[in-house]
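Novice: build me a model:
(one chain, ligands or ions: 1)
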Amino acid sequence: MRLQVTALHPEAIDILSLTLADPDGLALPPAGPGAHITLRLAEKLVRQYSLYNGPGEKRHYHIAVKREADSRGGSEAVHRLRVGDIVRVAPPDNKFPLDRSARHLVLLAGGIGITPLLSMAKDARRRGQSFELHYFARTPQHAAFHDFLASHVFASHVQFHFGVEADAVGARMDALLRGAPTGSQLYVCGPNAFIDRARSVAASCQALSAVHWESFTAEPGSRPAAEATSGFAVRLARTGKTLRVDPGKTILQVLQENGVAVDCSCMEGVCGLCITRVLEGEPEHRDEVLSDEERRSGDLMTVCVSGCKGDLLVLDI
Ligand code: FES
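Specialist: Residues are numbered from 1 along each chain as shown. Next up, the predicted model:
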(Lines give C-alpha, C1' and ligand atoms only; values in the text may rest on other atoms or scores of the structure.)
Protein backbone atom coordinates (compact mmCIF):
# COMPACT_ATOMS: atom_id res chain seq x y z
CA MET A 1 0.00 0.00 0.00
CA ARG A 2 1.06 3.60 -0.53
CA LEU A 3 -0.12 5.50 2.52
CA GLN A 4 0.15 9.15 3.42
CA VAL A 5 1.36 10.61 6.69
CA THR A 6 -1.63 12.66 7.83
CA ALA A 7 -0.52 13.65 11.34
CA LEU A 8 2.61 13.76 13.48
CA HIS A 9 2.65 14.28 17.20
CA PRO A 10 5.50 14.27 19.74
CA GLU A 11 4.29 11.81 22.39
CA ALA A 12 7.23 11.90 24.81
CA ILE A 13 10.96 12.56 24.83
CA ASP A 14 12.31 11.05 21.57
CA ILE A 15 8.95 9.43 20.74
CA LEU A 16 6.96 10.54 17.72
CA SER A 17 3.51 9.24 16.83
CA LEU A 18 2.36 9.08 13.20
CA THR A 19 -1.02 8.63 11.59
CA LEU A 20 -1.10 6.96 8.16
CA ALA A 21 -4.07 6.89 5.80
CA ASP A 22 -4.94 6.08 2.21
CA PRO A 23 -4.49 9.30 0.16
CA ASP A 24 -8.02 8.83 -1.24
CA GLY A 25 -9.53 8.09 2.14
CA LEU A 26 -10.23 4.42 1.41
CA ALA A 27 -10.69 1.92 4.24
CA LEU A 28 -7.53 0.04 5.25
CA PRO A 29 -7.12 -3.70 5.88
CA PRO A 30 -8.28 -4.43 9.44
CA ALA A 31 -5.81 -4.81 12.31
CA GLY A 32 -6.60 -6.49 15.62
CA PRO A 33 -4.97 -5.65 18.95
CA GLY A 34 -1.27 -6.56 18.95
CA ALA A 35 -0.91 -6.21 15.15
CA HIS A 36 1.99 -4.47 13.43
CA ILE A 37 2.61 -2.98 10.00
CA THR A 38 5.78 -3.03 7.91
CA LEU A 39 7.14 0.23 6.50
CA ARG A 40 9.54 0.29 3.56
CA LEU A 41 11.40 3.50 4.34
CA ALA A 42 14.01 3.11 1.59
CA GLU A 43 15.10 0.36 -0.78
CA LYS A 44 16.88 -1.66 1.90
CA LEU A 45 15.29 -0.13 4.93
CA VAL A 46 12.28 -2.13 6.10
CA ARG A 47 10.95 -1.81 9.63
CA GLN A 48 7.98 -3.15 11.57
CA TYR A 49 6.02 -1.07 14.06
CA SER A 50 3.15 -2.08 16.33
CA LEU A 51 -0.15 -0.31 15.87
CA TYR A 52 -1.83 1.37 18.79
CA ASN A 53 -5.17 1.55 17.01
CA GLY A 54 -8.38 1.22 18.92
CA PRO A 55 -11.22 -1.09 17.87
CA GLY A 56 -13.19 0.00 14.83
CA GLU A 57 -10.56 2.37 13.38
CA LYS A 58 -10.86 1.60 9.67
CA ARG A 59 -9.21 4.53 7.92
CA HIS A 60 -6.05 5.16 9.91
CA TYR A 61 -3.04 3.30 11.22
CA HIS A 62 -1.37 4.78 14.30
CA ILE A 63 2.24 4.02 15.24
CA ALA A 64 4.67 5.57 17.71
CA VAL A 65 8.42 5.34 17.12
CA LYS A 66 11.28 6.01 19.50
CA ARG A 67 14.41 7.62 18.10
CA GLU A 68 17.08 5.07 19.01
CA ALA A 69 20.57 6.28 19.89
CA ASP A 70 22.02 3.25 18.08
CA SER A 71 19.54 3.48 15.20
CA ARG A 72 20.48 1.51 12.09
CA GLY A 73 18.48 4.02 10.07
CA GLY A 74 14.87 3.03 10.75
CA SER A 75 13.89 5.29 13.62
CA GLU A 76 15.86 8.21 12.14
CA ALA A 77 14.04 7.80 8.82
CA VAL A 78 10.65 7.76 10.55
CA HIS A 79 11.48 10.86 12.56
CA ARG A 80 12.36 12.66 9.29
CA LEU A 81 8.89 12.02 7.79
CA ARG A 82 6.61 15.02 7.35
CA VAL A 83 2.84 15.38 6.95
CA GLY A 84 1.95 14.65 3.32
CA ASP A 85 4.82 12.20 2.71
CA ILE A 86 3.94 8.89 1.07
CA VAL A 87 5.22 5.67 2.63
CA ARG A 88 5.07 2.12 1.27
CA VAL A 89 3.38 -0.10 3.84
CA ALA A 90 2.68 -3.84 3.93
CA PRO A 91 -0.71 -4.79 5.40
CA PRO A 92 -0.98 -5.63 9.10
CA ASP A 93 0.20 -8.92 10.50
CA ASN A 94 -0.30 -10.13 14.05
CA LYS A 95 2.12 -12.38 15.91
CA PHE A 96 0.98 -11.05 19.29
CA PRO A 97 -2.80 -11.61 19.23
CA LEU A 98 -4.98 -10.96 22.24
CA ASP A 99 -6.96 -13.79 23.85
CA ARG A 100 -10.33 -12.14 24.26
CA SER A 101 -11.55 -15.05 26.37
CA ALA A 102 -8.91 -14.56 29.08
CA ARG A 103 -10.39 -14.09 32.53
CA HIS A 104 -8.08 -11.16 33.26
CA LEU A 105 -5.25 -9.48 31.34
CA VAL A 106 -2.03 -8.22 32.88
CA LEU A 107 -0.36 -5.93 30.31
CA LEU A 108 3.27 -5.15 31.10
CA ALA A 109 4.97 -2.43 29.05
CA GLY A 110 8.60 -1.33 29.11
CA GLY A 111 9.25 1.97 27.29
CA ILE A 112 8.07 2.04 23.68
CA GLY A 113 6.72 -1.50 24.21
CA ILE A 114 3.55 0.30 25.24
CA THR A 115 2.22 0.49 21.65
CA PRO A 116 0.75 -3.02 21.14
CA LEU A 117 -0.40 -3.09 24.76
CA LEU A 118 -2.23 0.20 24.31
CA SER A 119 -4.21 -1.33 21.44
CA MET A 120 -5.01 -4.29 23.71
CA ALA A 121 -6.07 -1.99 26.55
CA LYS A 122 -8.38 -0.04 24.23
CA ASP A 123 -9.88 -3.27 22.91
CA ALA A 124 -10.35 -4.79 26.38
CA ARG A 125 -11.92 -1.61 27.72
CA ARG A 126 -14.37 -1.40 24.82
CA ARG A 127 -15.48 -5.02 25.35
CA GLY A 128 -15.48 -4.85 29.13
CA GLN A 129 -12.71 -7.46 29.52
CA SER A 130 -10.96 -7.25 32.88
CA PHE A 131 -7.42 -5.86 32.55
CA GLU A 132 -4.63 -3.94 34.23
CA LEU A 133 -1.78 -2.14 32.50
CA HIS A 134 1.62 -1.57 34.11
CA TYR A 135 3.89 0.89 32.35
CA PHE A 136 7.60 1.09 33.22
CA ALA A 137 9.38 4.26 32.03
CA ARG A 138 12.17 6.54 33.22
CA THR A 139 9.97 9.55 33.95
CA PRO A 140 6.46 10.78 32.99
CA GLN A 141 8.13 12.79 30.21
CA HIS A 142 9.56 9.57 28.75
CA ALA A 143 6.18 7.77 28.87
CA ALA A 144 4.27 7.94 25.57
CA PHE A 145 0.52 8.51 25.95
CA HIS A 146 1.02 9.44 29.59
CA ASP A 147 -1.84 11.95 29.75
CA PHE A 148 -4.21 9.68 27.84
CA LEU A 149 -3.48 6.73 30.12
CA ALA A 150 -3.75 8.89 33.22
CA SER A 151 -7.15 10.19 32.11
CA HIS A 152 -10.27 9.12 33.93
CA VAL A 153 -11.12 6.60 31.19
CA PHE A 154 -8.04 4.46 31.88
CA ALA A 155 -6.82 5.65 35.27
CA SER A 156 -8.42 2.84 37.25
CA HIS A 157 -6.69 0.22 35.04
CA VAL A 158 -3.24 1.79 34.70
CA GLN A 159 -0.30 1.90 37.06
CA PHE A 160 2.90 3.77 36.14
CA HIS A 161 6.29 2.62 37.43
CA PHE A 162 8.75 5.47 36.96
CA GLY A 163 12.49 5.36 37.53
CA VAL A 164 12.61 1.81 38.88
CA GLU A 165 16.28 0.79 39.07
CA ALA A 166 17.20 -2.16 36.85
CA ASP A 167 17.94 -4.44 39.79
CA ALA A 168 14.57 -3.62 41.38
CA VAL A 169 12.42 -4.30 38.30
CA GLY A 170 12.12 -8.04 39.04
CA ALA A 171 10.88 -7.45 42.59
CA ARG A 172 8.35 -4.89 41.33
CA MET A 173 7.08 -7.33 38.70
CA ASP A 174 6.91 -10.09 41.26
CA ALA A 175 4.78 -7.94 43.57
CA LEU A 176 2.30 -6.96 40.89
CA LEU A 177 2.00 -10.45 39.38
CA ARG A 178 1.32 -11.99 42.79
CA GLY A 179 -1.80 -9.82 43.01
CA ALA A 180 -3.18 -11.10 39.69
CA PRO A 181 -6.37 -13.17 39.80
CA THR A 182 -6.10 -16.88 39.02
CA GLY A 183 -6.45 -17.55 35.30
CA SER A 184 -4.84 -14.25 34.27
CA GLN A 185 -2.87 -14.01 31.03
CA LEU A 186 0.27 -11.91 30.88
CA TYR A 187 1.26 -9.86 27.82
CA VAL A 188 4.73 -8.27 27.84
CA CYS A 189 6.43 -5.95 25.38
CA GLY A 190 9.60 -3.93 25.82
CA PRO A 191 13.39 -4.30 25.69
CA ASN A 192 14.72 -7.86 25.69
CA ALA A 193 16.06 -7.63 29.25
CA PHE A 194 12.63 -6.43 30.42
CA ILE A 195 10.88 -9.32 28.65
CA ASP A 196 13.38 -11.87 29.98
CA ARG A 197 12.89 -10.55 33.52
CA ALA A 198 9.10 -10.71 33.23
CA ARG A 199 9.18 -14.26 31.85
CA SER A 200 11.43 -15.42 34.63
CA VAL A 201 9.21 -13.85 37.31
CA ALA A 202 6.07 -15.19 35.62
CA ALA A 203 7.45 -18.74 35.64
CA SER A 204 6.86 -18.96 39.39
CA CYS A 205 3.49 -17.18 39.41
CA GLN A 206 0.73 -19.77 39.83
CA ALA A 207 -2.06 -17.33 38.98
CA LEU A 208 -1.02 -17.00 35.32
CA SER A 209 -2.51 -19.38 32.79
CA ALA A 210 -0.45 -18.05 29.85
CA VAL A 211 2.44 -15.69 29.13
CA HIS A 212 2.81 -13.89 25.79
CA TRP A 213 5.60 -11.56 24.75
CA GLU A 214 6.81 -9.66 21.74
CA SER A 215 10.16 -8.12 20.94
CA PHE A 216 10.72 -6.30 17.67
CA THR A 217 14.10 -4.84 18.35
CA ALA A 218 16.84 -7.09 19.53
CA GLU A 219 19.60 -5.48 21.54
CA PRO A 220 22.60 -5.23 19.23
CA GLY A 221 24.56 -8.45 19.38
CA SER A 222 22.18 -10.15 21.79
CA ARG A 223 21.21 -12.85 19.32
CA PRO A 224 24.28 -14.30 17.67
CA ALA A 225 23.77 -15.49 14.14
CA ALA A 226 24.09 -19.18 13.45
CA GLU A 227 27.45 -18.97 11.78
CA ALA A 228 28.34 -22.18 10.06
CA THR A 229 30.95 -24.16 11.95
CA SER A 230 31.95 -26.44 9.13
CA GLY A 231 30.05 -24.89 6.27
CA PHE A 232 27.15 -26.18 4.21
CA ALA A 233 25.53 -25.69 0.83
CA VAL A 234 22.31 -23.86 -0.01
CA ARG A 235 20.54 -24.70 -3.25
CA LEU A 236 18.08 -22.13 -4.60
CA ALA A 237 15.24 -24.21 -6.04
CA ARG A 238 13.91 -21.57 -8.43
CA THR A 239 17.21 -21.04 -10.25
CA GLY A 240 19.02 -24.26 -9.45
CA LYS A 241 21.99 -22.22 -8.20
CA THR A 242 24.02 -23.71 -5.33
CA LEU A 243 25.87 -21.41 -2.91
CA ARG A 244 28.41 -22.27 -0.25
CA VAL A 245 27.90 -20.92 3.29
CA ASP A 246 31.37 -20.90 4.81
CA PRO A 247 32.13 -20.79 8.53
CA GLY A 248 31.61 -17.25 9.86
CA LYS A 249 28.87 -16.41 7.32
CA THR A 250 25.09 -16.45 7.53
CA ILE A 251 22.82 -17.65 4.76
CA LEU A 252 21.48 -14.13 4.33
CA GLN A 253 24.97 -12.68 3.89
CA VAL A 254 25.77 -15.28 1.22
CA LEU A 255 22.49 -14.62 -0.59
CA GLN A 256 23.10 -10.87 -0.60
CA GLU A 257 26.71 -11.26 -1.73
CA ASN A 258 25.39 -13.23 -4.69
CA GLY A 259 22.79 -10.65 -5.63
CA VAL A 260 19.79 -12.63 -4.34
CA ALA A 261 17.24 -10.21 -2.88
CA VAL A 262 15.50 -11.32 0.35
CA ASP A 263 13.29 -9.08 2.47
CA CYS A 264 14.92 -8.50 5.84
CA SER A 265 14.87 -5.98 8.63
CA CYS A 266 16.13 -6.91 12.10
CA MET A 267 18.88 -9.32 10.94
CA GLU A 268 18.51 -10.90 14.39
CA GLY A 269 15.69 -13.41 14.07
CA VAL A 270 12.93 -11.38 15.65
CA CYS A 271 10.97 -9.63 12.89
CA GLY A 272 10.13 -12.59 10.64
CA LEU A 273 10.61 -10.72 7.36
CA CYS A 274 13.24 -13.14 6.03
CA ILE A 275 11.24 -16.31 6.74
CA THR A 276 11.86 -18.67 3.83
CA ARG A 277 10.34 -22.00 2.82
CA VAL A 278 12.65 -24.99 3.22
CA LEU A 279 12.18 -27.73 0.62
CA GLU A 280 14.94 -30.09 1.74
CA GLY A 281 17.42 -30.37 4.60
CA GLU A 282 17.18 -29.68 8.32
CA PRO A 283 17.43 -26.09 9.56
CA GLU A 284 19.14 -25.21 12.82
CA HIS A 285 16.75 -22.63 14.24
CA ARG A 286 18.16 -19.66 16.12
CA ASP A 287 15.29 -17.18 15.77
CA GLU A 288 12.61 -16.02 18.16
CA VAL A 289 9.82 -15.61 15.69
CA LEU A 290 8.78 -19.08 14.51
CA SER A 291 6.34 -21.05 16.63
CA ASP A 292 7.35 -24.42 18.09
CA GLU A 293 5.07 -26.08 15.56
CA GLU A 294 6.70 -24.24 12.65
CA ARG A 295 10.15 -25.26 13.92
CA ARG A 296 9.10 -28.88 14.27
CA SER A 297 7.68 -28.95 10.76
CA GLY A 298 11.08 -27.91 9.36
CA ASP A 299 9.29 -26.17 6.48
CA LEU A 300 10.28 -22.61 7.36
CA MET A 301 13.40 -20.83 8.57
CA THR A 302 14.80 -17.36 9.10
CA VAL A 303 17.82 -17.04 6.86
CA CYS A 304 19.30 -14.11 8.81
CA VAL A 305 20.31 -16.14 11.86
CA SER A 306 19.47 -19.80 11.36
CA GLY A 307 21.80 -22.43 9.98
CA CYS A 308 21.83 -26.04 8.84
CA LYS A 309 22.21 -29.27 10.79
CA GLY A 310 23.49 -31.18 7.77
CA ASP A 311 25.36 -30.45 4.55
CA LEU A 312 22.58 -29.08 2.36
CA LEU A 313 19.48 -26.90 2.49
CA VAL A 314 17.20 -26.45 -0.49
CA LEU A 315 15.29 -23.19 -0.21
CA ASP A 316 12.26 -21.97 -2.13
CA ILE A 317 14.09 -18.97 -3.57
S1 FES B 1 15.52 -10.26 9.14
FE2 FES B 1 14.23 -10.29 10.86
S3 FES B 1 13.93 -12.40 11.25
FE4 FES B 1 15.39 -12.35 9.68
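Novice: flag every buried residue along the host helix or strand of Arg295.
Specialist: Per DSSP states H and E, Arg295 falls inside helix 292-297. Residues of helix 292-297 classed as buried: none (neighbour count, 16 or more other CB atoms under 10 Å). (C-beta placed from N, C-alpha, C; glycine too.)
Novice: which is the next helix or strand following that helix?
Specialist: Scanning forward in sequence from helix 292-297 by DSSP H and E, the next helix or strand is strand 300-302.
Novice: relative to that next one, what are the paired strands and their orientations?
Specialist: strand 275-280 (antiparallel) (DSSP bridges).
Novice: pLDDT of the helix or strand that comes right after the strand it pairs with, averaged?
Specialist: Once the chain leaves strand 275-280, the next helix or strand it forms, by DSSP H and E, is strand 283-284. Regarding strand 283-284, the rounded mean pLDDT is 93.
Novice: strand partners of strand 283-284, parallel vs antiparallel please.
Specialist: Sheet pairing for strand 283-284, assigned by DSSP bridges, gives strand 307-308 (antiparallel).
Novice: what's next to the longest helix belonging to the chain, contact-wise?
Specialist: Criterion DSSP state H: the longest helix present in the chain is helix 114-127. If you take CB atoms under 8 Å, 6 or more residues apart in numbering as the criterion, helix 114-127 is touched by 32-36, 49-56, 63-64, 96, 98, 100, 105, 107-109, 129-131, 133, 135, 143-145, 149, 153-154, 157-158, 187, 189, 214.
Novice: then stretch 299-311?
Specialist: Contacts of stretch 299-311 (CB under 8 Å, 6+ apart): 223-228, 232-234, 245, 250-252, 255, 262, 264, 266-269, 272, 274-278, 281-287, 289-290, 294, 313, 315.
Novice: which of those residues fall in helices?
Specialist: 251-252, 255, 294.
Novice: now the buried members of those.
Specialist: Neighbour-count burial (16+ other CB under 10 Å) is assigned, among the ones in helices among the contacts of stretch 299-311, to 251-252, 255.
Novice: OK, contacts around the closest residue to Leu279 other than its chain neighbours?
Specialist: Closest residue to Leu279 apart from its sequence neighbours, by CB to CB, 6 or more residues apart in numbering: Val314 at 4.4 Å. When the contact criterion is CB under 8 Å, 6+ apart, the partners of Val314 are 234-235, 237, 278-281.
Novice: and if you look at Arg100?
Specialist: By CB under 8 Å, 6+ apart, the neighbours of Arg100 are 123, 127, 129.
Novice: redo that, cut-off 10 Å
Specialist: Contacts for Arg100 (CB atoms under 10 Å, 6 or more residues apart in numbering) come out as 32-33, 120, 123-124, 127, 129.
Novice: now Glu294
Specialist: 275, 285, 287, 300-301.
Novice: sec struct for Leu18, please.
Specialist: strand (DSSP: H, G, I helix; E, B strand; the rest coil).
Novice: any idea of the pLDDT on it?
Specialist: 97.
Novice: where in the stretch 101-250 of the chain is pLDDT low?
Specialist: For the stretch 101-250 of the chain, the stretches flagged by pLDDT under 70 are 216-229.
Novice: quick one, strands of it?
Specialist: Assigned by DSSP state E, counting those that start in this stretch, the strands in the stretch 101-250 of the chain fall at 104-110, 131-137, 158-162, 184-189, 208-214, 232-236, 242-245.
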